[in-house]
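# would you be able to build a 3D model of this:
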Amino acid sequence: MILLRRSAERGHANHGWLDSHHTFSFGGFHDPGWMGFGPLRVINEDRVAAGGGFAPHSHANMEIISYVIAGALQHRDSIGSGSVIRPGDVQCMSAGSGIEHSEFNASQTEPVHFLQVWIQPNQLNAKPRYGQEHYPVAARRGVLRLVASPDGADGSLPIRQDARVYASVLAPGETVALEIAAARRAWVQVVRGALRLDEHTVLGAGDAAGISAQALLQLGAQADSEALVFDLPN
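Purely as a prediction, here's the structure:
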């Protein structure tokens, strides 16, 4: 079964310094039909204006992943982590028992464009932790590159959930496939380009699809494309 989530149907909030599109209910956008997909709770596509950012605030018991599309994002938190996240970087902050953090546009002249993903953990009140890795385009080209997993396999970032996150960059005509085990589901989030999901369905930038009760996910690029793919428990 395929559950489509078109870009134009997402929630939207424009705060001036922040332009955000919400795949699932978030903040002032509430839709009881879109509260998440398995443990995948939030996918926000955020554009933060030059010099803007999120002031220090707290989270607990959430795996928070940031994937920068363009620009640079400055991170600081209460456990001493501080870094700049750029395209190709993936950040994972496990809020655990509680963490305070802030994210700011690292540039005073250019916007930053990124995806913020929240995954509900399978362990509560664990010790907060932070991780960041760089996955160059060459490592994501034509494949599903594992970037987050429960055991940190293959150089991925560890998360506290039985979920795997893949990043892929595809040229026109390239394809990738993911086997979906029994009692699991998949989510595809298109960052840019156009991906064919089946003979009837093409996903464009900002579009997404949830796949359940299906053994194989196949994606074919119809343009230069980039996507995140989530392998999730039911």
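# how deep is the nearest residue to Ile79 once chain neighbours are set aside tucked in, by neighbour count?
Excluding its sequence neighbours, the residue lying closest to Ile79 (CB to CB, 6 or more residues apart in numbering) is Pro128, at 5.4 Å. Placement of C-beta: from N, CA and C, glycine included. A count of neighbours around Pro128, defined by other CB atoms under 10 Å, yields 20.
# quick one, what contacts Pro128?
Contact analysis of Pro128 by CB atoms under 8 Å, 6 or more residues apart in numbering lists Asp77, Ser78, Ile79, Met93, Ser94, Ala95, Gly96, Ser97, Gly98, Ile99.
# which one among the residues you listed gets closest to Ser149?
Using CB to CB, Ser94 comes nearest to Ser149 of these, at 13.0 Å.
# where does the residue nearest the centre of the chain land in three-state SS?
Geometric centre of the chain, nearest residue: Val117, 4.3 Å, by CA atoms, centre = their mean. Using DSSP: H, G, I helix; E, B strand; the rest coil, the structure places Val117 in strand.
# what's the pLDDT at it?
Listed pLDDT for Val117 reads 98.
# ok, it to Arg196 distance?
Remark: distance between Val117 and Arg196 (CB to CB, to the nearest Å) = 24 Å.
# summarise which helices and strands the host helix or strand of Ser20 is packed against.
Here Ser20, judged by DSSP states H and E, is contained in strand 18-22. Using 3 or more CB pairs under 8 Å, 6 or more residues apart in numbering; DSSP states H and E, the elements in contact with strand 18-22 are strand 11-14, strand 40-48.
# from memory Gln214 sits against Met1, does it?
Yes - assessed by CB atoms under 8 Å, Gln214 is found in contact with Met1 at 6.8 Å.
# the more surrounded of these two?
Gln214 (12 against 8).
# quick check: closest non-adjacent residue to that one.
Nearest residue to Gln214, sequence neighbours excluded (CB to CB, 6+ apart): Ile180, at 6.0 Å.
# so what's the one you found up against?
Ala186, Ile211, Gln214, Ala215, Leu216, Leu217, Asp231.
# could those go into TSV alongside secondary structure?
As requested, those are arranged in TSV below (three-state DSSP):
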residue	secondary structure
Ala186	strand
Ile211	strand
Gln214	coil
Ala215	coil
Leu216	strand
Leu217	strand
Asp231	strand
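# most neighbours among those, which one?
Neighbour counts for those, by other CB under 10 Å, peak at Ile211, which reaches 24 neighbours.
# got a list of what that one touches?
Taking CB under 8 Å, 6+ apart, one finds Met1, Ile2, Leu3, Ile180, Arg185, Ala186, Trp187, Val188, Leu217 in contact with Ile211.
# tell me what it is bridged to.
Taking DSSP bridges as the rule, Ile211 bridges to Ile2, Ala186.
# if I look at it, how far off is Ile180?
Counting by CB to CB, the gap from Ile211 to Ile180 is 7 Å.
# cool, and Trp17?
The gap separating Trp17 from Ile180 is 39 Å, by CB to CB.
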